[in-house]
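Student: When you get a sec, could you give me coordinates for this:
(2 chains)
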2 protein chains.
Amino acid sequence: MSFTTTAVITTFGGKLFKLTHASSTTTTPMALNLFLPPSALASPTPARHPLLIYLSGLTCTPDNCSEKGFLHRRAAALNLAVLYPDTSPRGLNYPGEADHWDFGLSAGFYVDATQAPWKGGYKMESYLTQELPETLFGDAEFGKYLDRERVSIAGHSMGGHGALTLYMRHPELYKSVSAFAPISNPTRCPWGKKAFGGYLGPDEEEWKRHDATELVKGWKGGDLKALVDVGTGDKFYKEGQLLPENLEKAAEEAGVEGLVVRYHADYDHSYYFISTFGEDHVDHAAKHLGLL
Amino acid sequence: MSFTTTAVITTFGGKLFKLTHASSTTTTPMALNLFLPPSALASPTPARHPLLIYLSGLTCTPDNCSEKGFLHRRAAALNLAVLYPDTSPRGLNYPGEADHWDFGLSAGFYVDATQAPWKGGYKMESYLTQELPETLFGDAEFGKYLDRERVSIAGHSMGGHGALTLYMRHPELYKSVSAFAPISNPTRCPWGKKAFGGYLGPDEEEWKRHDATELVKGWKGGDLKALVDVGTGDKFYKEGQLLPENLEKAAEEAGVEGLVVRYHADYDHSYYFISTFGEDHVDHAAKHLGLL
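Tutor: This is a model prediction of the structure:
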């Protein structure tokens, strides 16, 4: 077995597995949660299920959305597995790692750092697109339940940035993408400038390779199959950290179709917002994964 | 206005109001959350909505179930308001008040204490059955949305004990009751003996007046209209803190009908359990409140 199981929790007829494994990419133990729907566990012959990967936002662990996102009810009904990776390596103890809530611990921004000391272990892009899927789909205990050919990705805030950028940088890995309140144009917002400057250094051309608004300009994959939800009462939206309009405009100017951005009056940045629209995101993935 | 609004959060089309008010019963400020469904706020003429009161368990505040219970999706669809009171007074600073997670702060057990120092402010039964409803239903801002003649009560663990006992002690106030993993026979379990000894003193006859298993023996109200869910993987169930079988047996021996106790294989004591069956409890209340 590749994973150590720290808890197994029954919910909505399925099981949520809290797992850890030793990552050679981040050089640390990495935590993750995996929800298997009832259909995966009920059959005497394991059937391969499609998977939705959910990337969390700043300050979060795999537990926040597992507890508060309300994705499992609909995922259970549609026979969809859900994976919650962590938001950064933990335990590297780099100087200053825990000094900022928006940089370092819980704030890996889903890129491979190129700057010292972060380049040692803050390699979340390689971890998520290479090591974690290889480990999970090849795992003796869990791999047999999962279909590596049917994977979609979603995320919230920093995780929405991660979902959109990993999707456009690695379109061969995912069937669709969705995001709640994503950081849509990080090269133009304070959070993104701080994170990219710290992890990627001063070259802003390198930053653009990890910016959804920049990436969509070069998208050649046809229908984007992207759903984005934003609350108009979201403090960070109002402060200009999210900039979804820039993503919309770039897609429109580039002639990219299939980006649906919805603005919901008064909703905030919290899980009260995510839980309200979570089932729409499960349905979006399910549609592109052949479940609906 | 009787309440100070500390936050208004949009969720499932409705609004969750985080409120505080000065309680003369507890002699402290008391926090509560109130969810109003979309139908309450959409109409130009406020319509009176039925209300489900949800009592939380040990260690909880009004926020835990508001965030993790997933009652709002179904409540929004059925036009049901939901009220989350707090689990004890806060700020009295009695000696030892914060020394135990199962006694004192967040552990009021929904009784009126008779023992010093607790009798000064730990009067959760009077607060919940007298002051809070009078204040809420009479409030200029919120009272107009609520129907004081259509109220049901539910709760989890210590709050399940609270729901069952307040319902049977004050049947004129509620139309139905439900509970997740309730402390069903507190005079026979460690949590209950500790709490009742501390709050009510050594007279075990007084304890019995706050024990659901004892109260059901004297129930003369006809159909109990009670739903109870318990997970068989619940650590506290397995340790004998909940004892739902004693409640079932007492009801059966007393010829009381209308108690449905369901045992769910492997489910634990957490919100992963509550959220799975939360909609059943909303439906149970809705049925007895004339919404289904």
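
Student: okay, CA-based contacts and neighbour counts for the rest of this
Tutor: Noted.

Student: Only C-alpha atoms, please: export the strand or helix carrying residue A:18 in CSV.
Tutor: Using DSSP states H and E, residue A:18 sits within strand A:14-22. Extracted as CSV, the C-alpha positions of strand A:14-22 are listed here (Å, rounded to 0.1, in the frame of the first residue of the first chain):
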residue,chain,number,x,y,z
GLY,A,14,-19.8,6.1,1.0
LYS,A,15,-16.5,6.3,2.8
LEU,A,16,-14.1,9.2,3.3
PHE,A,17,-10.5,8.0,3.7
LYS,A,18,-8.0,10.3,5.4
LEU,A,19,-4.7,9.3,4.0
THR,A,20,-1.0,10.3,4.2
HIS,A,21,1.9,9.2,2.0
ALA,A,22,5.6,10.0,1.7
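
Student: Strand partners (parallel or antiparallel) of it?
Tutor: Sheet partners assigned to strand A:14-22 using DSSP bridges are listed as strand A:4-11 (antiparallel), strand A:29-36 (antiparallel).

Student: List the buried residues of the first one.
Tutor: Looking back up the chat, that one is strand A:4-11. A:8-11 (16 or more other Cα atoms under 10 Å in any protein chain shown).

Student: And the strands paired with strand A:14-22: which comes nearest residue B:284?
Tutor: strand A:4-11 (20.1 Å; Cα to Cα).

Student: Show the contacting residues for the residue in the stretch 101-250 of chain A positioned nearest to chain B.
Tutor: Scanning the stretch 101-250 of chain A for the residue nearest chain B gives residue A:233, at 8.8 Å (criterion: Cα to the nearest Cα). Residues in contact with residue A:233 (Cα atoms under 8 Å, 6 or more residues apart in numbering or on different chains) are A:265-269.

Student: give me the subset of these touching chain B.
Tutor: Restricting the contacts of residue A:233 to those touching chain B (Cα under 8 Å from any Cα of the partner chain) yields A:266-268.

Student: now, which of those sits nearest residue A:62?
Tutor: Distances from residue A:62 to the ones next to chain B among the contacts of residue A:233, taken by Cα to Cα, are shortest for residue A:268, at 20.7 Å.

Student: quick one: contacts for the most centrally placed residue in chain A?
Tutor: Closest to where the C-alpha atoms of chain A average out (Cα atoms, centre = their mean) is residue A:55, at 2.3 Å. Contacts for residue A:55 were tallied using Cα under 8 Å, 6+ apart; they are A:84-87, A:153-156, A:159-160, A:162-163.

Student: Tell me how far it lies from residue A:160.
Tutor: Separation of residue A:55 from residue A:160 (Cα to Cα, to the nearest Å): 7 Å.

Student: what do the two both touch?
Tutor: residue A:154.

Student: what ranges do the strands span in the stretch 151-292 of chain A?
Tutor: For the stretch 151-292 of chain A, strands defined by DSSP state E, counting those that start in this stretch occupy the ranges A:177-180, A:226-231, A:259-264.

Student: Between strand A:226-231 and the last one, find me the angle.
Tutor: For the pair strand A:259-264 and strand A:226-231, the angle between their directions (axes from the mean of the first three to the mean of the last three Cα atoms, to 10 degrees) equals 20 degrees.

Student: Pull up the pairing partners for strand A:259-264, direction included.
Tutor: strand A:226-231 (parallel).

Student: Now find how far off-centre the partner strand is within its chain.
Tutor: Here strand A:226-231 is found 14 Å from its chain centre; the criterion is Cα atoms, centre = their mean, to the nearest Å.

Student: ok, back up a step: most neighbours among the contacts of residue A:55, which one is it?
Tutor: residue A:162 (34 neighbours; other Cα atoms under 10 Å in any protein chain shown).

Student: thought that residue was touching residue A:107?
Tutor: No: between residue A:162 and residue A:107 there is no contact under Cα atoms under 8 Å: 11.0 Å.

Student: now residue A:23: how far from residue A:131?
Tutor: 8 Å.
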